[in-house]
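Peer 1: give me the fold of what follows.
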Amino acid sequence: MLLSALPAAACPEYYKPYLQVLGEVELLDQLKNQSKNFPNFIKSIPEAAWTSSYAAGKWTIVEVLLHILDTERVFQYRALRFGRNDKTSLPGFDQDLYVPQSQANQRSKQSVLAEYGSIRAATISLFETFSKEELVRQGTASGVPISVAALGFIICGHQKHHRNIIRQRYLNTDQSSGST
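Peer 2: Numbering: from 1, shown residues only. Predicted coordinates:
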């Protein structure tokens with residue numbers, strides 16, 4: 001599914017910045033491209049910066065990375081439920097409670113890379129199974145309707161959004177046009 005084919009009503013306003021950062025992409029292509037490119041980005045992060053933050057009280061780089069992984073898992077689960085026509089309204093999740101519990105600052109780059117690879121492979125596998133009918137199917141999460149396809153695009157856009165933040169605020173580079 002192309003991002004431009006996503007009906008506006010399929011995605012809550014709150015998530016639209018994550019879609020806008022993507023440009024015109026096809027969902028499965030973007031998931032697969034990111035699965036190849038994002039590990040290279042992670043590898044490029046200097047070891048000295050791994051547990052640093054750009055300001056007091058902000059997450060460290062590795063905490064941001066674990067936030068990306070946790071969020072992908074949550075959205076993957078939502079996509080599974082809605083894709084299977086589960087009409088149960090799903091609650092939101094508090095990312096600020098997840099981050100300290102992730103113990104990210106004790107994680108090695110290799111363990112984060114391995115976890116990312118597993119999670120993204122599962123996401124790709126799941127989205128490859130969805131029919132066109134299932135991709136447009138909607139469910140309710142955090143009190144708002146959202147489609148299965150929107151969840152997939154948000155996974156991609158959320159990753160790219162945070163990659164841009166890491167580059168701009170943590171590493172002081174601005175390469176936000178990349179594909180990861």
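Peer 1: all contacts plus neighbour counts: C-alpha atoms, from now on.
Peer 2: Noted.
Peer 1: next, the residue nearest to residue 154 when sequence neighbours are not counted: phi, psi?
Peer 2: Distance criterion CA to CA, 6 or more residues apart in numbering; nearest residue to residue 154, sequence neighbours excluded, is residue 18 at 5.7 Å. As for residue 18, its main-chain torsions (degrees, to the nearest 10) stand at phi -70, psi -30.
Peer 1: would you confirm that residue 21 contacts residue 159?
Peer 2: No - using CA atoms under 8 Å as the test, residue 21 is too far from residue 159 to be in contact (10.0 Å).
Peer 1: could you point out the longest helix in this protein?
Peer 2: helix 61-83 (DSSP state H).
Peer 1: list the helices and strands that helix packs on?
Peer 2: Helix 61-83 sits against helix 95-101, helix 109-129, strand 138-141, helix 148-165, with contacts defined as 3 or more CA pairs under 8 Å, 6 or more residues apart in numbering; DSSP states H and E.
Peer 1: by mean pLDDT, point me to the weakest helix or strand of the chain.
Peer 2: Every helix and strand of the chain was ranked by mean pLDDT, DSSP states H and E. The lowest is helix 95-101, at a mean of 92.
Peer 1: so which residue is dead centre in the protein?
Peer 2: Geometric centre of the chain, nearest residue: residue 155, 3.3 Å, by CA atoms, centre = their mean.
Peer 1: quick check: the gap between the nearest residue to residue 115 once chain neighbours are set aside and residue 120.
Peer 2: The shortest distance from residue 115 to any non-neighbouring residue, by CA to CA, 6+ apart, is to residue 69 (7.9 Å). Look at residue 69 and residue 120: by CA to CA, to the nearest Å, they are 9 Å apart.
Peer 1: please identify every residue contacting each of those two.
Peer 2: Common contacts of residue 69 and residue 120 (CA atoms under 8 Å, 6 or more residues apart in numbering): none found.
Peer 1: let me know which of the helices and strands packed on helix 61-83 is tucked in deepest.
Peer 2: Stretch with highest mean neighbour count among these: helix 148-165 (a mean of 24; mean count of other CA atoms under 10 Å).
Peer 1: residue 4 contacts residue 27, correct?
Peer 2: No - between residue 4 and residue 27 there is no contact, the gap being 10.5 Å when judged by CA under 8 Å.
Peer 1: quick one: contacts for the residue nearest to the centre of the chain?
Peer 2: By CA under 8 Å, 6+ apart, residue 155 lies in contact with 71, 72, 75.
Peer 1: so how far is residue 107 from it?
Peer 2: Counting by CA to CA - residue 155 and residue 107 are separated by 22 Å.
Peer 1: likewise residue 46?
Peer 2: Residue 46 sits 14 Å away from residue 107, going by CA to CA.
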